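[1] requesting a structural model of the entry that follows:
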Amino acid sequence: MPSVGSEGYSSVLRIPWARGVFAAALLGRFAFALIPLSAVFTFHERTGSFSTAGLAIAAYGLTTITLPFKARLVDRHGQFRALLPLAALSALCIGGAASITGSTDFPVLLSIALFVTGGAAVPPLGPAMRSNWRAMTADSPDRKQAAYALDSTCEEVLFLAGPLTVGILITVLPAWVGLAGAAVVLVAGTSAMIAAEPIRRGTWEVHDTAPPHRRIRTVTARPIPGLFAVLVAISALAAGVSIVYISVAELATAQGHPSAAGYIESGMVAASVVGGLIWGKLNLATSSRPIQLGGLSAALAVAVSGTAALADTLWGVAAGLFVAGLAVAPSFITAYLAADELAPESRRSEASSWVNTAYNLGAAFGAAGAGLLVDRVGGQSGLVLSAAILAVGVLALTLLSTPGRW
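    Down below sits the predicted model:
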């Protein structure tokens, strides 16, 4: 039976350097929460078209596929040498896109190209911070789980605060100011993070020490056994959650309260934060990650299915999705811990970044398909589809898990 772990969040933050490095990493990652909505309104103000803005955001989202390769650079060269050049290039491109979008002297395609290039260069701050947590908590698995839980739930809070900040900002300033501000925040957070002595000296990092000709083969050709099952499960979870969000928007609009969609989705995110904090305090056997991840995905599927049955009222939808949200952050925490356990020490940042990439790609494809489906069959059927995809993820995890690797 799970028990409450002895390592609290305060003990994690008392680790030397932890508070400063974590705060800096959160500041840098806050840029990722500011960029999407700022970009939507920036490109809409320039073109008058949400379609163009949507295409720009979609192209930016697809650049997430570069994240594992950037994480390999960090694993190979260290955070101090890899993160700031990436942040500087990303900020230069995103800030450049923001500054020229308001001018008709430059074609909008140039702005979009700069924006997408900036997306391709964003530094892997999340995987890097998890690498730091691993080093800081190497003596305690319970403390590492608490650290990952704190990291994931604080990231959820950022993605609550980001759109709210942009919404306030664009009431008084042009949207491009928010996009340019995100570029500044990205560089500031990254700079503060790598300024910490353990990162400057590389004392928290493990690098691939194989000869160059062997190293290339190692980091580009060899898969990490067992990781594919985790990625499939996380992709299914992301697709399911994306379908939920679009379904909620349709249900709220159909029932005459479109603004309620935002409150319902915020409630789901808030529940995710609560679930993550509780999960981080549980002392669970490290040998049962597939069971944990499969159980969480199954619970999410059941809750979403139950929400479909309550879809006649928005209060029912809100209650059902609050329950569902309790499993979202714990699923991330478990996936990150699983990636750590499956990957060799020199590839753990890369493995962690694949979890992010799988989620982002699953979310993108889920949203693309859900938009077409929900227009045809309605939000209630969308919730049923979401539950089915989550169930498929559980089945895939069961079938694809590599015996002996967990």
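
[2] can you give me the strands in the protein?
    3-4, 282-283 (DSSP state E).

[3] least confident of those, on average?
    Ranked by mean pLDDT, the strands of the chain bottom out at strand 3-4, with a mean of 43.

[4] ramachandran coordinates for Arg14?
    Arg14 adopts backbone torsions of phi -80, psi -10, taken as degrees, to the nearest 10.

[5] state the distance from it to Ser401.
    To Ser401, Arg14 is 36 Å away according to CB to CB, to the nearest Å. For glycine as for every other residue, the C-beta is placed from the backbone atoms N, C-alpha and C.

[6] where does this protein dip in pLDDT?
    For the chain, the stretches flagged by pLDDT under 70 are 1-7, 50-51, 54, 205-222, 283-287, 368, 370-372, 402-406.

[7] please point out which parts of stretch 159-176 sit buried.
    Neighbour counts over stretch 159-176 (16 or more other CB atoms under 10 Å) mark Phe159, Leu160, Gly162, Pro163, Thr165, Val166, Leu169, Ile170, Pro174, Ala175, Trp176 as buried.

[8] could the residues you listed go into a markdown table alongside distance to Asp142?
    Converted to a markdown table, the buried residues of stretch 159-176 look like this (distance: CB to CB, whole Å):
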| residue | distance to Asp142 |
| --- | --- |
| Phe159 | 27 |
| Leu160 | 27 |
| Gly162 | 31 |
| Pro163 | 34 |
| Thr165 | 34 |
| Val166 | 37 |
| Leu169 | 40 |
| Ile170 | 43 |
| Pro174 | 48 |
| Ala175 | 44 |
| Trp176 | 46 |
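
[9] between these, which is nearest Ser10?
    Distance ranking of the buried residues of stretch 159-176 against Ser10, using CB to CB, places Leu160 first at 22.6 Å.

[10] what sits closest to that closest one if chain neighbours are left out?
    Val269 (5.5 Å; CB to CB, 6 or more residues apart in numbering).

[11] that neighbour touches Ala324, doesn't it?
    No: judged on CB atoms under 8 Å, Val269 makes no contact with Ala324 at a distance of 11.2 Å.

[12] which one of those two is surrounded by more residues?
    Neighbour totals were compared for Val269 and Ala324, and Ala324 leads with 29 against 16 (other CB atoms under 10 Å).

[13] my read is that the more buried one contacts Ser305, right?
    No: contact criterion CB under 8 Å: Ala324 and Ser305 do not qualify, at 9.5 Å.

[14] before we move on, back to that, can you pull the contacts of the residue nearest to Leu160?
    Counting by CB atoms under 8 Å, 6 or more residues apart in numbering, Val269 makes contact with Glu156, Phe159, Leu160, Gly325.

[15] if I look at the third one, how far off is Ser272?
    It stands for Leu160. Counting by CB to CB, the separation of Leu160 from Ser272 is 10 Å.

[16] grab the nearest non-local neighbour of Pro330.
    Trp279 (3.7 Å).

[17] picking that back up, which of Arg14 and Ser401 has more neighbours?
    Per other CB under 10 Å, whichever of Arg14 and Ser401 has more neighbours is Ser401, with 21 against 10.

[18] helices of the stretch 301-406 of the chain, start to end?
    314-325, 328-342, 348-377, 379-400 (DSSP state H, counting those that start in this stretch).

[19] ok, Leu373 - contacts?
    Ile243, Ser381, Gly382, Leu385.

[20] ignore what I typed, I meant Cys93.
    Cys93 touches Leu114, Phe115, Thr117, Gly118, Ala121, counting by CB under 8 Å, 6+ apart.

[21] let's see 10 Å
    Residues near Cys93 by CB atoms under 10 Å, 6 or more residues apart in numbering: Ala113, Leu114, Phe115, Val116, Thr117, Gly118, Gly119, Ala120, Ala121, Val122, Ala183.
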